[in-house]
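Asker: Below is the sequence, then the predicted model.
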Amino acid sequence: GDVVATGGQWWAVWTEYVGTQLELFQAYTIGGTAHGRQRITTNPLRDWGPTLALTPGSTFPLNLIWVRGGPEAGQPETQTDLRRGLGNASGTWSSSNLATLGFSNFWPDAEVVGTTTYVTWIRDGRAMAADNQSGRFVSHRFNTPAIPHGRPRVAVSSGIVYAGWTATVNRAFVAARVDGVWTGAFASPANLPRAQLLVGLVPNTGKATALSISFGSRLYATTET
């Protein structure tokens, strides 16, 4: 699940099993009144892997991006797509497809800056990044392979867009888009004996700090120079 907060209030969305089906639920206090657990999806396909992003200043619409599809109990693997929902203070959502190309789209992360929504996710072994700055979502596919089950991260600072993920060599990798051009580099030590997984990406005044964890060891913070 995921949670966002502003002004001492919060909104949470998570996944629960309903029978053998995965569905999304929410609870929130943003808007001034506490609202308990509510079910928000009822699709025949599984809904899971949600991420939330607040709209700065006005809070709403609240952005919810999640995964729809995947293997059902005892069934072959099926295609997974991304859905995007826009929510209001009453707790209701309007949603549409966000990413349907490829076979496996999962583990989204999102951030809203101004009126633009920035998203990163994993598609068929590659990290993806997209935003709707032009009025529609335009995506970019990165060449450095990503592990299939580590959530990538997106961040924006001083007009620079960052995307980070765990590469298949088990090191954190961060790409930055400056003036429309993407460049990238590894952002975790190369000489550790254990896998290093990206767990966070923090922007600050046009630079980014990648947080990665080494199994059985420690947390590393690497800031670009």
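Answerer: Structure received. Numbering: from 1, shown residues only.
Asker: Nearest residue to the middle of this protein?
Answerer: Centroid-nearest residue in the chain: D109, 1.0 Å away (criterion: C-alpha atoms, centre = their mean).
Asker: List the pairing partners of the helix or strand hosting it within its sheet, with orientation.
Answerer: Using DSSP states H and E, the element containing D109 is strand 105-113. Paired strands of strand 105-113, with direction, are strand 116-123 (antiparallel) (DSSP bridges).
Asker: so R68 touches R83, yeah?
Answerer: Yes: counting by C-beta atoms under 8 Å, R83 is a contact partner of R68 at 5.1 Å. To be clear about C-beta, it is placed using only N, CA and C from the backbone, and glycine gets the same treatment.
Asker: check contacts around P145.
Answerer: Contact analysis of P145 by C-beta atoms under 8 Å, 6 or more residues apart in numbering lists G125, R126, A167, T168.
Asker: so can I have TSV of the residues you listed showing secondary structure?
Answerer: What follows is these, written out as TSV (DSSP: H, G, I helix; E, B strand; the rest coil):
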residue	secondary structure
G125	coil
R126	strand
A167	strand
T168	coil
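Asker: give the contact list for E23.
Answerer: Listed by C-beta under 8 Å, 6+ apart, the contact partners of E23 are T15, E16, Y17, R39, I40, T41, T42, D47.
Asker: rerun at 6 Å
Answerer: Shown in contact with E23 (C-beta atoms under 6 Å, 6 or more residues apart in numbering): R39, T41, D47.
Asker: among the residues you listed, who's most crowded?
Answerer: Using other C-beta atoms under 10 Å as the neighbour criterion, T41 leads these with 24 neighbours.
Asker: what's it sitting at in phi/psi?
Answerer: phi -130, psi 150 (degrees, to the nearest 10).
Asker: From what I see, it and Q26 are in contact.
Answerer: No: at 9.9 Å, T41 does not count as touching Q26 under the criterion of C-beta atoms under 6 Å.
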